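Trainee: 3D, please:
(one chain, ligands or ions: 1)
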Amino acid sequence: MPLPFPLAPELRPISGKVLAGERLDAADGLTLFTTADLAGLSALANLVKERITGNRAFYINNQHINYSNICVDDCKFCAFGKKPAQDGAYEFALEEVFARADQAARRGARELHIVGGLHPTLPYSYYTDMLRGLKDRHPQIHLKCFTAVEIDFLASLYGRDIRDTLEDLRAAGLDSMPGGGSEMFSERVRQILCPNKITPARWLEIHRIAHGLGIRSTCTMLFGHVERPEERVDHILRLRALQDDTRGFTAFIPLAFHPENTGLAHLQGPGGRDMLRTVAAGRLLFDNIEHVKVYWIMFTLPLAQIGLRCGADDLDGTVIEERIYHMAGAATPQGVDESDLRRVILETGRTPVRRDSLYHEIPDPPVVAPLAV
Ligand code: V47
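Mentor: Got it, this is the predicted structure:
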């Protein structure tokens, strides 16, 4: 059946594969990241999105908590991390974390997304007590905490292996892991961006172990800095290969690089076209991940709306207190209300679906009629 939209010649063999449900390979990926036909690419990705999730667009009532920005690493792309004695360095006492969680619970949040820097002296018990304290106070809230980079750091600081560390954290209340810290797997790029960060093999191994323990996670790709199209493809295909083995990733999240206040402030960051292209290419290449998120904090709400028509099916959430991206000069608000997200989704013609962290729908609470007096 002919497609209801025109396609540039280089996309036609790819659309043939997509319609036949065949997997795209690295050469196809390179075409997706280089074609000038953004409209055709987006329409193809939208077709796949609608095949998987129909007209629905997801969002979550969540809150981010960045418990500390103190970090022993020195990633060039990061404006968030500070050395312990540096101006602006902070760490939350557990009571401050709990106060934020109480505020989130009052707003009806269903997820806390908690990440920080690589803090050299916080005790192991800080992390386990944090999780235990949060679960005791708010058992209904899903705890999505600590990137693979933090898990690796914690494990090596306290001489424990990854499996034991993850089991301890899970016993304390950890439900799932966010996908940060993978950045871009290319060794060439890592030498420029983050030479001291854990290796791609280590990042993947930690997610593999987590998935084996039943801890789901997401995966990300930081793009729009010094990487080449083939390095984006390589990054995505390595994540896809892990997903073939474990099926543990719930969503792919392309993270648009924001250069302000970073060691790479001379770069531009990606333009809107490139951001939409990356969403669409991600949707088409990840034939084994159900959801693609346009993280509106990084994309802005108007561009995220278009993203929902280019392959993405999820906006992330209310967020409330984002710091990592705002330290890098993001001009978006630090958070929004659920009603804003619903409106933004409705404007795109999609049906808003409130979800939990694992993409189960959370229906509206029943409307209780007032008692007649
Ligand atoms: O790992 C840091 C990126 C990530 C900058 O799992 C930057 O659902 C752009 O991973 N410009 C943390 N990006 C955020 C993250 C995330 C966000 C939303 C949802 C999920 C999820 C995960 O942010 C870091 C790094 O890749 N980052 N600095 C910057 N200047």
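
Trainee: in which helix or strand would I find Ser156?
Mentor: helix 148-157 (DSSP states H and E).

Trainee: could you point out the longest helix in this structure?
Mentor: Using DSSP state H, we find that the single longest helix of the chain is helix 229-246.

Trainee: for the ligand, what's the nearest residue on the protein?
Mentor: Closest to the ligand within the chain is Gly180: 2.6 Å, counting by CB to the nearest ligand atom. C-beta: built from backbone N, CA, C; applies to glycine.

Trainee: and the pLDDT at that residue?
Mentor: Looking at Gly180, its pLDDT is 98.

Trainee: let's verify the nearest residue to Pro120 once chain neighbours are set aside: helix, strand, or coil?
Mentor: Spatial nearest neighbour of Pro120, chain neighbours left out: Val72 (5.2 Å); criterion: CB to CB, 6 or more residues apart in numbering. Secondary structure, DSSP: H, G, I helix; E, B strand; the rest coil: Val72 is coil.

Trainee: poorly predicted segments of the protein, please.
Mentor: For the chain, applying pLDDT under 70 flags the ranges 1, 365-368, 370, 372-373.

Trainee: what parts of it come near the ligand?
Mentor: 77-79, 178-181, 183, 218, 220, 222, 253, 255, 257-258, 262, 295, 316, 324-325, 328 (CB under 6 Å from any ligand atom).

Trainee: so how many other residues sit close to Ala369?
Mentor: 6 (other CB atoms under 10 Å).

Trainee: just the strands in the protein please.
Mentor: 56-60, 62-66, 111-115, 142-145, 176-177, 216-223, 249-256, 291-292, 314-317, 351-354 (DSSP state E).

Trainee: winner for burial among those?
Mentor: Comparing those by mean neighbour count (mean count of other CB atoms under 10 Å), strand 314-317 ranks first with a mean of 28.

Trainee: and for that one, what are the contacting residues?
Mentor: By CB atoms under 8 Å, 6 or more residues apart in numbering, the list of residues contacting strand 314-317 from outside reads 57-62, 111, 251, 253, 291-297, 304, 308, 341, 344-345, 355.

Trainee: can we see that at 7 Å?
Mentor: For strand 314-317, the surrounding residues in contact (CB atoms under 7 Å, 6 or more residues apart in numbering) are 57-62, 111, 251, 291, 293-296, 304, 341, 345.

Trainee: what does stretch 348-355 give?
Mentor: 55-61, 305, 308-309, 341-342, 345-346, 361-362.

Trainee: how does it look with 8 Å?
Mentor: Outside stretch 348-355, the residues touching it (CB under 8 Å, 6+ apart) are 55-61, 305-306, 308-309, 314, 338, 341-342, 345-346, 361-364.

Trainee: of those, buried ones?
Mentor: Using 16 or more other CB atoms under 10 Å as the burial test, those include 56-61, 305-306, 308-309, 314, 338, 341-342, 345 as buried.

Trainee: who's in contact with Tyr325?
Mentor: Tyr325 touches 258, 297-298, 332, counting by CB under 8 Å, 6+ apart.

Trainee: ok, now with 10 Å
Mentor: 64, 79-80, 255-256, 258, 295, 297-298, 319, 332, 334 (CB atoms under 10 Å, 6 or more residues apart in numbering).

Trainee: same deal with Leu301?
Mentor: Here Leu301 is in contact with 294, 315, 332-333, 336, 340-341, 343-344, 347 (criterion: CB under 10 Å, 6+ apart).

Trainee: can you turn the buried part of those into a ChimeraX selection?
Mentor: This is how ChimeraX selects the buried members of the contacts of Leu301, with burial counted by 16+ other CB under 10 Å:
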select :294,315,332,336,341,344
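
Trainee: ok, so of the contacts of Leu301, who is nearest Ile162?
Mentor: Val294 (30.7 Å; CB to CB).

Trainee: wait, doesn't the closest one sit right on Val279?
Mentor: Yes: with contacts counted by CB atoms under 10 Å, Val294 reaches Val279, the gap being 5.9 Å.

Trainee: how about the contacts of Tyr325 in JSON lines, adding distance to Asp28?
Mentor: What follows is the contacts of Tyr325, written out as JSON lines (distance: CB to CB, whole Å):
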{"residue": "His64", "distance to Asp28": "35"}
{"residue": "Ala79", "distance to Asp28": "35"}
{"residue": "Phe80", "distance to Asp28": "35"}
{"residue": "Leu255", "distance to Asp28": "23"}
{"residue": "Ala256", "distance to Asp28": "23"}
{"residue": "His258", "distance to Asp28": "29"}
{"residue": "Tyr295", "distance to Asp28": "25"}
{"residue": "Ile297", "distance to Asp28": "30"}
{"residue": "Met298", "distance to Asp28": "26"}
{"residue": "Val319", "distance to Asp28": "34"}
{"residue": "Thr332", "distance to Asp28": "32"}
{"residue": "Gln334", "distance to Asp28": "38"}
